[in-house]
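Novice: I need the structure of the sequence given here:
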Amino acid sequence: MAQLPEFEEFDANYLRRLKQGDPETQRHFGEYFGFLLQLKLANGVHSQQMLLEVRQETMLRVLEAVREDRITQPEGLGAYVCSTANHVLWECRRAETRSRREHGEEESETIDERSGTEQELISQERKLLVERVLAELPRKDREVLRLVLLEERDKAEVCQKLRITPEYLRVLLHRARERFRDRLNGKRPKAADR
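Specialist: This next block holds a predicted model:
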């Protein structure tokens, strides 16, 4: 499995570099969110082609929003990417349904069952890997990642639920992502992380 790119704080400086076309920032953006979108969409699409389309369209829309200064809270870039992906996925499914109706149901059943089964196995394998890695993390890390990344809850709500400040949430989220990435890449946890 591909390695999760290095986490970077998403702040106004990051968005400025992305908007200006800084090659290193663009590379990081593509790798980081490409990886996360791959995980997010793996169980939500039925074909590799749709996954690639949704991922590419999501990245294009987010970059367009960055260029047009439509992202007003840089620390919410991850949530913006996730919500954009949800919207694009919904649009793709709607267009696919409309197309099936126009061409009749018989024509829509031309999907190669073997490749669908293969994709399903790969998706299931990824899901199990993510669940296994999450299970290895300390309880607090699991909770922060679940609330912010998987459930996509508002950070103010998360802070209130965990009774912490936004600054401390950033620290916890950064540590949890690092620990997740380390375990995903096979690194042994440090004594302080257990």
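
Novice: got the contact list for the residue nearest the centre of the chain?
Specialist: Of all residues in the chain, the one closest to the mean position by C-alpha atoms, centre = their mean is L36, 3.2 Å from it. Taking C-beta atoms under 8 Å, 6 or more residues apart in numbering, we find L36 in contact with G78, V81, L149. (Each C-beta comes from the backbone N, C-alpha and C, glycine too.)

Novice: if I pick the second one, what's in contact with it?
Specialist: V81 is in contact with F33, L36, L37, T58, V62, counting by C-beta under 8 Å, 6+ apart.

Novice: low pLDDT regions in this structure?
Specialist: Within the chain, the ranges that satisfy pLDDT under 70 run 1-8, 103-124, 127, 188-194.

Novice: can you give me the domain assignment for it?
Specialist: The record's domain parsing of the chain by automatic domain parsing lists 1-136, 137-194.

Novice: mind putting the contacts of L36 in CSV, secondary structure and distance to C92 included?
Specialist: Output for the contacts of L36, formatted as CSV (DSSP: H, G, I helix; E, B strand; the rest coil; distance: C-beta to C-beta, whole Å):
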residue, secondary structure, distance to C92
G78, helix, 21
V81, helix, 16
L149, helix, 22
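
Novice: out of those residues, the closest to R98 would be?
Specialist: V81 (25.9 Å; C-beta to C-beta).

Novice: count the residues that sit near E167.
Specialist: When neighbours are defined as other C-beta atoms under 10 Å, E167 has 9 of them.

Novice: surely Y80 meets I71?
Specialist: Yes - if you go by C-beta atoms under 8 Å, Y80 and I71 touch, sitting 5.8 Å apart.

Novice: quick check: neighbours shared by those two?
Specialist: Counting by C-beta under 8 Å, 6+ apart, the shared contacts of Y80 and I71 are A65.
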